[in-house]
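Peer 1: Sequence first, then the predicted structure, then my questions.
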Amino acid sequence: MTEFSLRSERVLLNSDVAPQPAQVFVRDGKISAIETPGGRATYELGNQVLMPGIIDSHAHINEPGRTEWEGFESATRAAAAGGITTVVDMPLNSIPPTTTLWALKEKAQAAAGHCRIDYAFWGGLVRDNVNELIPMTEAGVRGFKAFLIDSGVAEFAWTREPELRRGMETLAQLKVPLLAHAEIDLGATLEGNNPREYRHYLSSRPARWEVQAIRLLIKLSKETGCAVHVVHLSAAEALTAIAEAKTAGIAITAETCPHYLALTSETIPEGATAFKCAPPIRDGANREQLWRGLSDGTLDMIVSDHSPCTPALKGLENGNFPDAWGGIAGLQFSLPVIWTEMRERKLPLEKVVKWMIEGPARLIGLSTRKGRIAVGWDADLVAWDPDAKFVVEETMIRHRHKVTPYLGRELFGQVLQTWLRGELVFDRGNFSDEMTGERV
Ligand SMILES: [Zn+2]
């Protein structure tokens, strides 16, 4: 039996209350009591913020099969350093992709004993695997991701309307959500002809592709009753359709990502392919509308969409956007990137809990166990200093490759310590030796 306590002047119990002084007691991996500060605590955190561990429901860990891109050890090490205590792995770009029960077992085997934080798996809905949805759900998959456009990898086939409908009928019965990469290829008029210019790439994936896909998803959700979750929303133009669908009672949720909330197309340097992702980072006005979408509840959560590859595939040397892998690496920096932007917009601290913890916890069906500091909940905790400033340097990056668009950026919010079910897994730059992460 292990027992300890943490005391802070700024404890964020959940998103409904402002930070307050409290002493949090942990016993056998669970929160056992929350009291007004009294006697000495095991951890005296002073003015550091103590909050529930971050839940990142969108990361591509790529193991097995593309472990040279990323892997469970390196991704969960970076996550722990970023205050994340639960991560959900996307069904691509590992080989095999998680689209069959057999592949799920391969995935689970690759992860077991190699994770510093808790983890879960999304499955994939592709053209020909509707028969796998029931056995995979019974084996613990919490939802299925589909693409409405080319996925970027040959082994994960995108779905057209009839296959989506068929899949969603089954998912509705299973009561698990469809997660959708919402872009439909409608063709585009390219700006300029220099492949090193970001505006050239941006023009190749216009906002209307996202709007069209989201309209189709809303229609299919209405028809089938299947809950839909829009992953990595970039185009603010689609916010109205989502808001209207929510008002009409359609089961739709949506996430956006730190890169869409912090970066702008106008400021991406020529040839800077570390910034390439799909859908693309859009302009500053779009970014501000996404922040409004979060504040008014149209957007439910912020997740990393950590999607690394090898530096060679990222094409950093020739800086050719069309050829480079589309995916942004940076789950370690989600909290400071978001907090730096929130601070500038004078948004209250507790919104971090709403957008980065409670929202994802609900999506993955874990909100009765994780995502708040409450008696009986898992003692997944993070201590961080919102006032501490640092510059992102290569030496501090813990994921496999030192490529991230945040390199050189000055950020507020230093993660100091991370506890997973009461175990200190990250402590000011040091990691525990044991891999205590479990599948949830
Ligand atoms: Zn993704």
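Peer 2: In hand now; what should we look at?
Peer 1: Based on its surroundings, how many neighbours for Lys346?
Peer 2: 6 (other C-beta atoms under 10 Å). In short, each C-beta sits where N, CA and C put it, glycine included.
Peer 1: helix, strand or coil for it?
Peer 2: Of the three states, Lys346 takes coil according to DSSP: H, G, I helix; E, B strand; the rest coil.
Peer 1: quick one: it from Ile184, how far?
Peer 2: Applying C-beta to C-beta, to the nearest Å, the value for Lys346 to Ile184 is 37 Å.
Peer 1: what does Ala59 give?
Peer 2: From Ala59 to Ile184 the distance is 25 Å (C-beta to C-beta).
Peer 1: Please identify which of those two sits among more neighbours.
Peer 2: Neighbours per residue (other C-beta under 10 Å) separate Ala59 from Ile184, with Ala59 holding more: 28 against 18.
Peer 1: residues in contact with that one?
Peer 2: By C-beta atoms under 8 Å, 6 or more residues apart in numbering, the contact list for Ala59 reads Ala75, Ala79, Val87, Val88, Asp89, Met90, Val303, Ser304, Asp305, His306, Ser307, Leu331.
Peer 1: repeat that with 10 Å
Peer 2: 70, 75-76, 78-79, 84, 87-90, 119, 122, 303-308, 329, 331, 334, 399 (C-beta atoms under 10 Å, 6 or more residues apart in numbering).
Peer 1: That one and Arg215, how far apart?
Peer 2: Distance from Ala59 to Arg215, by C-beta to C-beta: 28 Å.
Peer 1: helices or strands next to the helix or strand harbouring Arg77 in the packing?
Peer 2: Using DSSP states H and E, Arg77 sits in helix 72-81. On a contact count with 3 or more C-beta pairs under 10 Å, 6 or more residues apart in numbering; DSSP states H and E, helix 72-81 meets strand 54-59, strand 84-89, helix 101-111, strand 118-121, strand 410-420, strand 423-427, strand 430-431.
Peer 1: all strands for the stretch 101-250 of the chain, in order.
Peer 2: 118-121, 123-124, 144-147, 178-181, 228-230 (DSSP state E, counting those that start in this stretch).
Peer 1: picking that back up, columns distance to Lys145 on top of the helices and strands packed on helix 72-81, output as CSV?
Peer 2: Shown next, in CSV, are the helices and strands packed on helix 72-81 (distance: least, C-beta to C-beta, whole Å):
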stretch, distance to Lys145
strand 54-59, 9
strand 84-89, 10
helix 101-111, 13
strand 118-121, 10
strand 410-420, 25
strand 423-427, 27
strand 430-431, 30
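Peer 1: Out of those, which is closest to Arg372?
Peer 2: The closest of those to Arg372 is strand 54-59. By C-beta to C-beta, the value is 10.8 Å.
Peer 1: tell me the angle of that closest one relative to strand 84-89?
Peer 2: Taking axes from the mean of the first three to the mean of the last three C-alpha atoms, to 10 degrees, one finds strand 54-59 and strand 84-89 inclined to each other by 20 degrees.
Peer 1: Centre of the chain to strand 54-59, how far?
Peer 2: Centroid displacement of strand 54-59 relative to its chain, using C-alpha atoms, centre = their mean, to the nearest Å, is 4 Å.
Peer 1: Dihedrals phi and psi, Asp380?
Peer 2: In terms of degrees, to the nearest 10, the main-chain angles of Asp380 are phi -90, psi 110.
Peer 1: Distance check, it against Pro19.
Peer 2: Taking C-beta to C-beta, one finds Asp380 at 18 Å from Pro19.
Peer 1: Point out the other helices and strands that the longest helix along the chain packs with.
Peer 2: Secondary structure of the chain per DSSP state H: the longest helix is helix 207-224. Counting contacts by 3+ C-beta pairs under 10 Å, 6+ apart, helix 207-224 packs against helix 161-174, strand 178-181, strand 228-230, helix 239-247, strand 252-256.
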